[in-house]
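**Student:** build me a model from this:
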Amino acid sequence: MWWVYALFSSVSAALVAIFGKIGLQGVDSTLATTLRAIIMAIFMVLAALLLGKFEGFSLSSLDSRSWTFIALAGAAGALSWLFYFLALQIGLVNKVVVIDRLSLVFVVILSAVFLGEAFTWKVALGALMMVGGALIIALT
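**Tutor:** Numbering: from 1, shown residues only. Model (predicted):
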């Protein structure tokens, strides 16, 4: 079932690029990113409430390690959005997105280094092919 969620994530991410590019016309990219984050926060709070995710939850139930890495993920996500919307504002959406999706290659490398996930020759070849494909699209 994970792949269905991943596919939905992929389609949603594609819509972010298209809607973002249209919405950025005449709007500062940092302001647009801020507004997007506020809307996302409201949406996520409502989703968590509707799904009953706050039942029995307290902020003190998270340990310091979880807090630290959730905070780091939030900061990294915010930086990603800031750079992504800035790139979308001044670049072609199909070129910006393909370079942004090189995050896949970084994930493959970093997951092997920090999480001990497999980095086989097939994984390395796939990552190289992603880089090659991204370069072909971005440079044409």
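
**Student:** from here on, just use CA atoms for contacts and neighbour counts.
**Tutor:** Fine.

**Student:** could you break this structure into its assigned domains?
**Tutor:** According to automatic domain parsing, the chain is divided into the following domains: 2-91, 101-140.

**Student:** can I get those domains in a markdown table including mean neighbour count?
**Tutor:** Below are the domains of the chain laid out as a markdown table (neighbours: other Cα atoms under 10 Å):
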| stretch | mean neighbour count |
| --- | --- |
| domain 2-91 | 13 |
| domain 101-140 | 13 |
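
**Student:** reformat those as TSV; add mean pLDDT.
**Tutor:** Putting the domains of the chain into TSV (pLDDT from 0 to 100) gives the following:
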stretch	mean pLDDT
domain 2-91	93
domain 101-140	95
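
**Student:** need the contact partners of stretch 18-31.
**Tutor:** 32, 82, 85-86, 88-89, 93 (Cα atoms under 8 Å, 6 or more residues apart in numbering).

**Student:** try 6 Å this time
**Tutor:** 85-86, 88 (Cα atoms under 6 Å, 6 or more residues apart in numbering).

**Student:** stretch 76-89: how far from the chain's middle?
**Tutor:** Stretch 76-89 sits 10 Å away from the centroid of its parent chain (Cα atoms, centre = their mean, to the nearest Å).
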